[in-house]
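Asker: Sequence first, then the predicted structure, then my questions.
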Amino acid sequence: MTRRAFAGLMAIETILAFGNTFAASFNIIYMYKKLHMELWAGPLFFAVGFSIAILVSLWMSRQKRMNLELQMVFALACLCVEYSLFIFVTNGWVLSLFVGIAFGLFYPFFWSSFNLLMALLTEKTDRGVKYGVSFFIWPVATFFAPFLGGLVIGYASYQALFAIGIAIIITTALLIIPYRKYIPKDQSARIDLNGIGRRNAIAVIGEGGFEGIFWIDITIISYMFLTNEIELGALFSLFGLSAGIMAVIFGRVSDKIQNRIFFLRASAVATIPCVVIVYLADSLESFAVANGVLEFAAFMFPVFVFSLLTDRLEPRKNDSVVTREFLLDVGRACTLIPMIGLLYIGVSPQQIFLLCIPFLLMALQAEEKKKPSKPLAAGTDA
């Protein structure tokens with residue numbers, strides 16, 4: 001039953017990953033090229049969205065019972081609304097506001113529900129590899145979807161891209177119907193900062209801060225090097241598959257040796273020089289190589305942060321999921337707001353990328369739950 005439930009959950013994630021990446025890779029590019037938005041305005045709807053997501057996580061934490069199936073379907077409906085807005089709204093500022101609202105509702109309602117189901121399907125002995133498989137689906141989708149999205153834009157239009165994205169997302173929602181028999185009823189979750197510990201809270205905010213810069217700024221830097229959508233799609237696809245398989249392998253190793261903190265810290269430390277290399281890149285070729293290495297180094301530490309938090313709150317896995325989502329969104333929002341300000345005053349996207357470094361250092365604060373010491377054998381002196 002657990003294997004079928006896990007396989008079904010991965011099928012849902014795979015379709016969503018493909019459809020969302022297919023369209024989402026180009027939403028900021030669309031705002032620059034078709035709506036002629038300023039460079040600093042591109043990330044605005046993400047800042048609005050993650051700010052709303054914080055409030056949604058707080059609301060979820062106060063609910064006595066949650067219907068995960070309904071939350072996931074509602075979230076996917078919000079995602080369809082988001083891409084519909086890209087088709088029909090032509091005012092960039094209005095688009096940024098309402099897309100931000102739709103995104104802010106989609107993100108926590110879907111991913112908190114999905115990750116809660118994922119956590120319930122894991123044990124400490126298989127958590128690293130299962131989380132690794134889940135995270136690996138996104139680079140696989142990213143390898144194909146942006147390139148195909150670029151082809152659709154090149155040979156058809158942005159409107160066709162977003163319409164196809166909506167159709168794929170609707171397909172994802174339909175997959176939830178047969179999966180509902182695996183979804184437990186009346187779940188609840190609480191934000192528990194004390195339970196995960198102060199250092200882990202800092203680490204998760206650091207991960208969120210890094211992701212806030214990385215997800216948005218890499219797209220903007222890519223746009224600075226290339227403006228042709230087909231070429232951009234190929235470049236995004238090149239980035240996508242760099243490290244996913246390594247996360248699965250190291251996740252399996254961490255399950256066996258029960259030492260996640262080593263892989264987490266190694267990944268975060270290895271990412272820092274890659275950030276500097278992206279900053280120094282002065283050509284498309286050097287940027288592509290630098291970001292490929294960065295993807296390889298950075299992919300693993302979110303997997304192990306998630307695993308570590310679930311380990312920490314093992315009897316209350318639901319709490320670990322909602323707490324993580326809340327802190328990630330705090331980190332993302334707190335990063336994007338100053339990022340918009342720096343772009344506004346003329347700081348280059350590559351210079352802004354250096355802001356990843358302090359957030360990566362925050363991720364190093366993570367700590368594993370201390371293992372109980374073994375009792376002394378009878379008759380042994382203390």
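Answerer: Yep, that arrived.
Asker: make it CA atoms for all contacts and neighbour counts henceforth
Answerer: OK.
Asker: so where's the protein shaky on pLDDT?
Answerer: 1, 142, 227-259, 369-382 (pLDDT under 70).
Asker: One more pass at 50, please.
Answerer: 1, 251, 254, 257, 373-382 (pLDDT under 50).
Asker: ok, the residue nearest to the spatial centre of it to residue 344 distance?
Answerer: Closest to where the C-alpha atoms of the chain average out (C-alpha atoms, centre = their mean) is residue 211, at 7.1 Å. Applying C-alpha to C-alpha, to the nearest Å, one obtains 20 Å for the distance of residue 211 from residue 344.
Asker: What of residue 156?
Answerer: Here residue 156 is placed at a distance of 33 Å from residue 344 (C-alpha to C-alpha).
Asker: Need the CA coordinates for stretch 91-103. PDB is fine.
Answerer: Extracted as PDB, the C-alpha positions of stretch 91-103 are listed here (Å, rounded to 0.1, in the frame of the first residue of the first chain):
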ATOM      1  CA  ASN A  91      -1.300  45.800 -17.500                       C
ATOM      2  CA  GLY A  92       1.900  44.800 -15.800                       C
ATOM      3  CA  TRP A  93       1.300  46.300 -12.400                       C
ATOM      4  CA  VAL A  94      -2.200  44.800 -12.200                       C
ATOM      5  CA  LEU A  95      -0.800  41.500 -13.400                       C
ATOM      6  CA  SER A  96       1.900  41.500 -10.700                       C
ATOM      7  CA  LEU A  97      -0.600  42.100  -7.900                       C
ATOM      8  CA  PHE A  98      -3.200  39.400  -8.900                       C
ATOM      9  CA  VAL A  99      -0.600  36.900 -10.000                       C
ATOM     10  CA  GLY A 100       1.100  37.400  -6.700                       C
ATOM     11  CA  ILE A 101      -2.100  36.700  -4.800                       C
ATOM     12  CA  ALA A 102      -2.900  33.500  -6.900                       C
ATOM     13  CA  PHE A 103       0.700  32.300  -6.500                       C
END
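Asker: buried sites along it?
Answerer: 92-93, 95-103 (16 or more other C-alpha atoms under 10 Å).
Asker: Residues contacting it, please?
Answerer: In this structure, residues lying in contact with stretch 91-103 by C-alpha atoms under 8 Å, 6 or more residues apart in numbering are 31, 35, 37, 44-50, 52, 78-79, 81-83, 85-86, 89.
Asker: Separate out the buried members of those residues.
Answerer: Buried among the contacts of stretch 91-103 by 16+ other C-alpha under 10 Å: 31, 35, 37, 44-50, 52, 78-79, 81-83, 85-86.
Asker: Let me see the ranges of the helices in the stretch 201-350 of the chain.
Answerer: 229-240, 244-257, 260-280, 284-298, 300-312, 317-344, 349-352 (DSSP state H, counting those that start in this stretch).
Asker: Grab the CA positions of the shortest one and hand them over as CSV.
Answerer: Once non-C-alpha atoms are left out, helix 349-352 reads as follows in CSV (Å, rounded to 0.1, in the frame of the first residue of the first chain):
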residue,chain,number,x,y,z
PRO,A,349,21.7,40.9,-11.0
GLN,A,350,25.1,39.2,-10.8
GLN,A,351,26.2,41.5,-8.0
ILE,A,352,22.9,40.7,-6.2
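Asker: Now do it: everything it contacts.
Answerer: 217, 220-221, 278-280, 339, 342-343.
Asker: picking up where we left off before, JSON lines for the helices of the stretch 201-350 of the chain, including distance to residue 202?
Answerer: Below are those laid out as JSON lines (distance: least, C-alpha to C-alpha, whole Å):
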{"stretch": "helix 229-240", "distance to residue 202": "27"}
{"stretch": "helix 244-257", "distance to residue 202": "22"}
{"stretch": "helix 260-280", "distance to residue 202": "14"}
{"stretch": "helix 284-298", "distance to residue 202": "18"}
{"stretch": "helix 300-312", "distance to residue 202": "11"}
{"stretch": "helix 317-344", "distance to residue 202": "9"}
{"stretch": "helix 349-352", "distance to residue 202": "21"}
